[in-house]
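Q: Below is the structure, and that's it, no one-letter string:
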């Protein structure tokens, strides 16, 4: 029975993903010495740890004399790779094989290495180093891996080992600045996830990530800095198995949309189709919330659903989900209409769109790993952690356009604080050309109080328009003064003309008044006389 069960699960997954085009996300490794190895090499970013998206790391390569596959704790060999004060960080070179990639990284980190380079043991294209399967152990340390990791080709690894054997010091620069596109002031990102909370460490990490990242995600979305879209992977059942008990219990819409059994046991607990329906409901919550202009409500719903409706408490139900939806004020009728009929022998347009979105376009590649984060159409590699993911999203903004959350102390270091970043400054006027950005500082002559400073930003900046603006201001003052003087002179002139005319009129009137009196005198008899 169990063999048949696992065969069915295997067929379901293999059939659904066999045509996938997986893209290995890479960063560059630049060797600056020795001369024989100088150059830029490709390496594959591991899907654990914290890649320094948007930044670089400089260090020296060390190949251990013992424990070269890093499958054991280096403390057992009394070895430490911690860099000395003033020394370069150690990039530990280890061989592939015998244990999980994550175990190698964990042992390297505990020994003080700043990064780990895993040399492939076969000639092949670069692959993505992933985390172990759910029940394989080691989950207790996965979230504690913080150093970046990279897989290098066998030939490059052999060249590094040979140079070290010859006594050369190998200086390298790991560069993630172009690992993610950063074309403009808005970042578009997708989160491929799952509503299942019984699939082990990966499910736990997804839920914890949503809870911790909800705050910054909603802030960036509300202010228009990001455009977020959640997605859910589904598979389809091979036609030959559509009528089987396994496909009926794991799929909806007659085998078109399937998910693996949460407990990996068809005889107990929830079925895969329960997960598909809840996934569909979460997509519809986002769709309806987005149409109402509040896409950030998805984060509230998923967080509340994980708390109020867990599988362990047998609350992973439609009724519990609808209670959460009502509590958030989202239109339940629209969501149910979006979900449609899971038993109908027809395509569901929402889930069909999700399946189409799984197929890679351009440089993205197919989505085949859960969880997967896609930032600016590139798949994120590394730890699913608030700080690590926020750092990657911040690397997706065009330089100088990042929001304030990207410039906080926990995300990046203000490079303008020390020695003014090496940029020009006028200490007396408190003016500097240094501008702090997520990718580092830029030396750019500033504009202050309408005065545009020009120069190289490093050694000099001068107010090009300052003299011109002062000159124009002076001319305006003169013009205004002349205008006031002119108006005043004209007023005085008008006053004097008016005074002169009044005096002339009075003089003329004085000449005519006596004649009138003389003409009246001979015949004039005043009233009141007798």
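A: Received, thanks. As the structure is a computational prediction, the values presented were derived from the model and not from experiment.
Q: any idea where the helices of the stretch 301-450 of the chain begin and end?
A: Assigned by DSSP state H, counting those that start in this stretch, the stretch 301-450 of the chain shows helices spanning 318-327, 332-339, 349-358, 386-394.
Q: what's the closest of the ones you listed to residue 291?
A: helix 332-339 (7.9 Å; CB to CB). Where C-beta positions appear, they are placed from N, C-alpha and C, glycine not excepted.
Q: Could you give me the buried positions within that closest one?
A: By neighbour count on 16 or more other CB atoms under 10 Å, the buried set for helix 332-339 is 334-335, 338-339.
Q: Could you give the average pLDDT over that helix?
A: With pLDDT averaged residue by residue, helix 332-339 scores 97.
Q: now it against helix 318-327, angle please.
A: Relative orientation of helix 332-339 versus helix 318-327 (axes from the mean of the first three to the mean of the last three CA atoms, to 10 degrees): 130 degrees.
Q: same for helix 332-339, what does it pack against?
A: Applying 3 or more CB pairs under 8 Å, 6 or more residues apart in numbering; DSSP states H and E, we find helix 332-339 packed against helix 272-291, helix 318-327.
Q: What helices and strands are in contact with the shortest one?
A: Secondary-structure packing of helix 318-327 (3+ CB pairs under 8 Å, 6+ apart): helix 272-291, helix 297-308, helix 332-339.
Q: Now do that helix against helix 297-308, angle only.
A: Inter-element angle recorded for helix 318-327 and helix 297-308: 130 degrees (by the same axes, to 10 degrees).
Q: quick one, what contacts residue 107?
A: 67, 70-74 (CB atoms under 8 Å, 6 or more residues apart in numbering).
Q: and if we set it to 6 Å?
A: 70, 73 (CB atoms under 6 Å, 6 or more residues apart in numbering).
Q: helix or strand for it, which one?
A: helix 101-110 (DSSP states H and E).
Q: care to break this protein down by domain?
A: Domain ranges of the chain: 26-175, 187-407, 419-463, per automatic domain parsing.
Q: Make CSV out of the ones you listed and add distance to residue 483.
A: Formatted as CSV, these follow (distance: least, CB to CB, whole Å):
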stretch, distance to residue 483
domain 26-175, 57
domain 187-407, 44
domain 419-463, 24
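Q: of all those, which lies closest to residue 478?
A: Minimum separation from residue 478 across the domains of the chain (CB to CB) falls at domain 419-463, 20.7 Å.
Q: just to revisit the earlier point, ok, then the element right after the helix holding residue 107?
A: For helix 101-110, the succeeding helix or strand toward the C-terminus, using DSSP H and E, is strand 115-119.
Q: between that following strand and helix 101-110, how many degrees?
A: 140 degrees.
Q: mean confidence for strand 115-119?
A: Across strand 115-119, the average pLDDT comes to 97.
Q: That one pairs with which strands?
A: Paired with strand 115-119 in the same sheet, following DSSP bridges, are strand 90-95 (parallel), strand 149-152 (parallel).
Q: what helices or strands is the next helix or strand after that strand leaning on?
A: Following strand 115-119 in sequence order, the next helix or strand is helix 139-142 (DSSP H and E). On a contact count with 3 or more CB pairs under 6 Å, 6 or more residues apart in numbering; DSSP states H and E, helix 139-142 meets no helix or strand.
Q: mind redoing it with 8 Å?
A: helix 101-110, helix 201-222.
Q: where does the nearest residue to residue 446 once chain neighbours are set aside land in three-state SS?
A: Closest residue in space to residue 446, ignoring its immediate chain neighbours: residue 453 at 5.6 Å, by CB to CB, 6 or more residues apart in numbering. Following DSSP: H, G, I helix; E, B strand; the rest coil, residue 453 is assigned to strand.
Q: contacting residues around residue 453?
A: 431, 433, 445-447, 461-464.
Q: try it again with 10 Å
A: Contacts for residue 453 (CB atoms under 10 Å, 6 or more residues apart in numbering) come out as 424, 426, 431, 433, 444-447, 460-466.
Q: now those: which count as buried?
A: 424, 431, 433, 444-446, 461, 463.
Q: Between all of those, which two are separated the most?
A: 444 and 463 (14.7 Å).
Q: quick one, what contacts the residue positioned nearest the centre of the chain?
A: Nearest to the mean C-alpha position of the chain, by CA atoms, centre = their mean, lies residue 393 at 1.6 Å. By CB under 10 Å, 6+ apart, the residues touching residue 393 are 53-54, 180, 187, 189, 213, 216-217, 220, 225-226, 228, 373, 375-376, 380, 402-403, 405-406, 411, 438.
Q: quick one: it and residue 405, what's the gap?
A: Residue 393 sits 9 Å away from residue 405, going by CB to CB, to the nearest Å.
Q: and if you look at residue 78?
A: Residue 78 is 43 Å from residue 405, by CB to CB.
Q: So the two - more neighbours on which side?
A: Between residue 78 and residue 405, counted using other CB atoms under 10 Å, residue 405 has the larger neighbour count: 17 against 7.
Q: Setting aside sequence-adjacent positions, which residue approaches that one most closely?
A: Nearest non-adjacent residue to residue 405 (CB to CB, 6+ apart): residue 216, at 5.6 Å.
Q: hang on, isn't that neighbour packed against residue 228?
A: No - using CB atoms under 10 Å, residue 216 is not in contact with residue 228, being 11.1 Å away.
Q: Now do stretch 442-461: distance to the chain's middle.
A: Centre-to-centre, stretch 442-461 and its host chain are 29 Å apart (CA atoms, centre = their mean, to the nearest Å).
Q: Give me the distance between the two termini of that stretch.
A: In stretch 442-461, first residue to last residue: 14 Å (CA to CA, to the nearest Å).
Q: and the next element down the chain from the helix or strand of the chain with the lowest mean pLDDT?
A: Lowest on mean pLDDT, DSSP states H and E among the helices and strands of the chain sits helix 2-17, with a mean of 42. The element immediately downstream of helix 2-17 (helix or strand, assigned by DSSP H and E) is strand 26-33.
Q: what angle separates whichever helix or strand residue 161 is part of from strand 90-95?
A: Using DSSP H and E, residue 161 maps to helix 154-165. Here the directions of helix 154-165 and strand 90-95 differ by 120 degrees (the same axes, to 10 degrees).
Q: quick one: average pLDDT of helix 154-165?
A: Across helix 154-165, pLDDT averages out at 96.
Q: hmm, who's touching that helix?
A: 29, 31, 33-34, 36-37, 39, 41-43, 60-63, 68, 91, 93-96, 117-124, 151-153, 168-170, 172.
Q: Apply 8 Å and report the result again.
A: Contacts for helix 154-165 (CB under 8 Å, 6+ apart): 34, 36-37, 41, 61-63, 93, 95, 117, 119-124, 152, 170.
Q: and residue 39, how far is that from residue 219?
A: 42 Å.
Q: neighbour-wise, which of the two wins?
A: Each of residue 39 and residue 219 has its neighbours counted (other CB under 10 Å); residue 219 has more, 15 against 10.
Q: wait, doesn't the more buried one sit right on residue 408?
A: No - if you go by CB atoms under 8 Å, residue 219 and residue 408 don't touch, sitting 11.8 Å apart.
Q: now this protein, which segments are flagged as low pLDDT?
A: Along the chain, the model assigns pLDDT under 70 to residues 1-22, 133-139, 363, 409-415, 418, 437-441, 465-477, 479, 487-530.
Q: ok, back up a step: out of the helices and strands packed on helix 332-339, indicate the one that is most buried.
A: Of the helices and strands packed on helix 332-339, the one with the most neighbours on average (mean count of other CB atoms under 10 Å) is helix 272-291, at a mean of 22.
Q: Which elements pack onto that one?
A: Packing contacts for helix 272-291, counted by 3+ CB pairs under 8 Å, 6+ apart, involve strand 226-232, helix 245-250, strand 251-252, strand 257-258, helix 297-308, helix 318-327, helix 332-339, helix 349-358.
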